[in-house]
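> Structure for the following, please:
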Amino acid sequence: MSWIKEGELNFLEKITANILKSGPMPKHVAFIMDGNRRFARKKNMDRQEGHMQGFNKLADTLRWCKHLNIPEVTVYAFSIENFKRAKDEVDGLMELAKQKFLRLLEEKENLEKHGVCIRVLGDLNMLPLDLQQTIAEAVVTTKTHDKCFLNVCFAYTSRYEITNAVREMAWGVEKGLIKSSDVSETLLSECLYSNNSPNPDLLIRTSGEVRLSDFLLWQTSHSCLVFQSVLWPEYSFWNLCEAIVQYQINHASIQKARELHREHQALQQEEADSACVAEHLQHHGNGKPADAQRRQEALLQYTSCREERIQDFLDALKHKRDSFFIDLCSEAVVA
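As a prediction, the model looks like this:
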């Protein structure tokens, strides 16, 4: 089945969509697509068929999001913890993923038509090489598209992502690109796999489970969380609408919490910069206190230098990550 399904909403769905769009709408929705195996047991079908039905439901959901003007979707496709499952199931999931990404590459014109950018978030080194190369080609092929974004979390857990972000900052310090004093909550956010995306406004988990299972823990600290009992392959347009209504009910409090967090981050950064400048002035001023004008000039200079360092580091990090995908594509061509 195609990743991007064509087709309009029916009359009742269109009316509902228009009503919803008159209120605040999420711009980024994340899904924990849970319940494929339980759906397979319920329908007395093979587990692999359950996973296939789950992928088909993703295509439906992307179509609904398109009609609801939701430009970005992130899905939890495969957790690092899933490698602990039976080998035949893991191998089947790897093969299914390869088939679907190959199908995606066959849909280049459709993806370009809709402006769909595919990003894959996770440690691809854990995957079979042929799947890595197929994923890399899909990412590189669609990276310039900018109308809508699908982030597929594959070989992913949030704790691993945060740990990797810390490693990236340590690499930056080791290379002399940044100083240890540049490390901050804001910089860590920029080093996550998801650094190109705004944090999700709404996170939905299906199947009745009420836990996040190590998914986007950092990014969803101020998101609306909705847990629904429906199994993922049975997910419907109406289930999505119900979740959006929950987001709209809680929209004001979510925005207030985000604004307070931004203010707190700015204050933390200001205090950290001031402390660094004060230490520098004391060290180079023979212990004499600097006047207000000198402190302000030093603070502005320090802030400018820090921002320049961080931008150079982030550019280098982006180049490193882009090169990883480009090199995989090159290896595939040679092979």
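> Quick check: closest non-adjacent residue to T157.
Closest residue to T157 in three dimensions, ignoring its sequence neighbours and counting by C-beta to C-beta, 6 or more residues apart in numbering: D214, at 4.1 Å. C-beta here means a position set from N, CA and C on the backbone, and glycine is covered the same way.
> just checking, the one you found touches E81?
Yes. Because the distance of 7.2 Å satisfies C-beta atoms under 8 Å, D214 is recorded as touching E81.
> quick revisit: can you get me a residue count around the residue nearest to T157?
When neighbours are counted by other C-beta atoms under 10 Å, D214 registers 16.
> residue contacts, it?
Neighbour list for D214: S79, E81, T157, S158, R159 [criterion: C-beta atoms under 8 Å, 6 or more residues apart in numbering].
> Swap in 6 Å and give it another go.
For D214, the contacting residues are T157, S158, R159, by C-beta atoms under 6 Å, 6 or more residues apart in numbering.
> quick one, phi psi at the second one?
Put plainly, it is S158. S158 adopts backbone torsions of phi -70, psi -40, taken as degrees, to the nearest 10.
> That one: neighbouring residues, count only.
If you count neighbours by other C-beta under 10 Å, S158 ends up with 22.
> Roughly how far does it sit from E95?
26 Å (C-beta to C-beta, to the nearest Å).
> Buried residues in the worst-scoring helix or strand of the chain on mean pLDDT, which are they?
None of the helices or strands of the chain scores lower by mean pLDDT, DSSP states H and E than helix 108-114, at a mean of 89. Going by neighbour count (16 or more other C-beta atoms under 10 Å), the buried part of helix 108-114 is L111, H114.
> after it comes which helix or strand?
strand 116-121 (DSSP states H and E).
> packing partners for the following helix or strand past that following strand?
Next along the chain after strand 116-121, taking DSSP H and E as the criterion, comes helix 129-142. With contacts taken as 3 or more C-beta pairs under 6 Å, 6 or more residues apart in numbering; DSSP states H and E, helix 129-142 sits against helix 87-106, strand 116-121, helix 292-334.
> Next, the angle from the first one to strand 116-121.
For the pair helix 87-106 and strand 116-121, the angle between their directions (axes from the mean of the first three to the mean of the last three C-alpha atoms, to 10 degrees) equals 150 degrees.
> Please identify the buried residues of helix 87-106?
So, applying 16+ other C-beta under 10 Å, buried residues of helix 87-106: G92, L93, M94, L96, A97, K98, K100, F101, L104.
> CA atoms only for it, dumped as PDB, please.
The C-alpha trace of helix 87-106 is given here as PDB (Å, rounded to 0.1, in the frame of the first residue of the first chain):
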ATOM      1  CA  LYS A  87      14.100 -13.400  16.100                       C
ATOM      2  CA  ASP A  88      11.500 -14.300  13.500                       C
ATOM      3  CA  GLU A  89       9.300 -11.300  14.500                       C
ATOM      4  CA  VAL A  90      12.300  -8.900  14.400                       C
ATOM      5  CA  ASP A  91      13.500 -10.200  11.100                       C
ATOM      6  CA  GLY A  92       9.900  -9.900   9.800                       C
ATOM      7  CA  LEU A  93       9.700  -6.300  10.900                       C
ATOM      8  CA  MET A  94      13.100  -5.500   9.300                       C
ATOM      9  CA  GLU A  95      11.900  -7.000   6.000                       C
ATOM     10  CA  LEU A  96       8.600  -5.200   6.200                       C
ATOM     11  CA  ALA A  97      10.400  -1.900   6.800                       C
ATOM     12  CA  LYS A  98      12.700  -2.500   3.800                       C
ATOM     13  CA  GLN A  99       9.700  -3.300   1.600                       C
ATOM     14  CA  LYS A 100       7.900  -0.100   2.700                       C
ATOM     15  CA  PHE A 101      10.900   2.100   2.200                       C
ATOM     16  CA  LEU A 102      11.500   0.600  -1.200                       C
ATOM     17  CA  ARG A 103       7.800   1.300  -2.000                       C
ATOM     18  CA  LEU A 104       8.300   4.900  -0.800                       C
ATOM     19  CA  LEU A 105      11.200   5.300  -3.300                       C
ATOM     20  CA  GLU A 106       8.900   4.200  -6.100                       C
END
